[in-house]
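J.: Next input, structure requested:
(chains A, B and C)
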Amino acid sequence: MEWGEWQELPQFGSISPKVLSELLDGGQSFRWEPAVTDQRIWQGVFQDIVLQVRHQPDFQLNYRLLAGGAEHEAVRTYFGCERNWDLLSDNLPWRSDHELKASMDTFPKLRILKQPLGETLFSFICSTAKQIPQIKQCCLNVSKRFGKELISGVYSWPGWETLASVTEMELRDCKLGYRAKYISAIAQTLAREQDFETKIQNKGFDEAKSMLMELPGVGEKVADCVLLFGAGKLEAFPVDTWILKAMKRIYNLENWDSGKVAHFGRVHFGKYAGLAQQFLFARERMLSI
DNA sequence: AGGCAGGTGGCCA
DNA sequence: TGGCCACCTGCC
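T.: Model prediction:
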């Protein structure tokens, strides 16, 4: 197995190791690990693409694909390189919201990945009532057992068609627990509905969210995560226990349930609420560790 | 040893 | 609508 040449990730800009770690391993994606050969390198997989990412001395980002790999456009899309994240961030209400500003100053240049929708949906079904290491383990178990081995020890996510032919019991063997029946049911549905992802991508936020929430195991939080991290819809505002805690404290929302807090977030932060969420989320986690 | 974790669905008033 | 509680599993 050989790697291609390192190259610059265009339109990305510089980013600190701390923020890169938050971006790749902070709960947006569950498919990145430090490279075995060098802990300063991150290795990740999406679709059939294996890639590594590292810093230049000036904190510019470099990446490389496997030798012969040419999926540069897919990598750019994955990292959101076609969007101006400085501008998006500047559009958040940080001038009037000191807590938001503090979060943005703590994790400068943090952005939102745009991951393949199917894998994102799968990951966040697995995420319910689990912590990051366990979620990663589930993704790994399923990919190992039913995906394609791309290089030694690295497996692609198998896709809904394959998962549709897998029994619930086999998924339980992958430590999915009660989530196995949701994955089975969704796989059955989506294997027959090839244009589901395209529809979600093309619909507006509200309609796309309703469509997702018709799937078993998909509530508000999972739907928001899928739309934010897998469809680039930045108005999505996922409210998990971290954000709930942070929002209650910062904005004095005692006794508000997560649905109300999600609404508050979308109103308060505006059309890029999901980006604000990511800043607050990162800081909340950091403070609690 | 029992409670809880980056939720959701079902049941009950 | 609003409030519980079971659901797998692993970790404290």
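J.: Which residues are in contact with the residue of the stretch 151-289 of chain A found nearest DNA strand B?
T.: The nearest approach of the stretch 151-289 of chain A to DNA strand B comes at A:Gly219, 2.5 Å away (Cβ to the nearest atom of the strand). All C-beta atoms are positioned from the backbone trio N, CA, C, and that covers glycine. Shown in contact with A:Gly219 (Cβ atoms under 8 Å, 6 or more residues apart in numbering): A:Met213.
J.: repeat for A:Phe264
T.: Contacts for A:Phe264 (Cβ under 8 Å, 6+ apart) come out as A:Met247, A:Tyr251, A:Leu253, A:Trp256.
J.: What are the buried residues along stretch A:58-66?
T.: Buried residues in stretch A:58-66, counted by 16 or more other Cβ atoms under 10 Å: A:Leu61, A:Asn62, A:Tyr63, A:Arg64, A:Leu65, A:Leu66.
J.: as a whole number, average confidence for it?
T.: Average pLDDT, stretch A:58-66: 94.
J.: The nearest residue to A:Arg145 once chain neighbours are set aside: how many residues sit nearby?
T.: Leaving aside its chain neighbours, A:Arg145 sits nearest to A:Cys174 (6.1 Å; criterion: Cβ to Cβ, 6 or more residues apart in numbering). Neighbour count for A:Cys174, taken as other Cβ atoms under 10 Å: 22.
J.: Show the pLDDT at A:Cys174.
T.: pLDDT, A:Cys174: 97.
J.: thought it was touching A:Ser143?
T.: No. Taking Cβ atoms under 8 Å as the definition, A:Cys174 is not a contact partner of A:Ser143, at 9.3 Å.
J.: separation between A:Pro17 and A:Phe281?
T.: Going from A:Pro17 to A:Phe281 by Cβ to Cβ, to the nearest Å gives 19 Å.
J.: before we move on, what about A:Gly259?
T.: Counting by Cβ to Cβ - A:Gly259 and A:Phe281 are separated by 18 Å.
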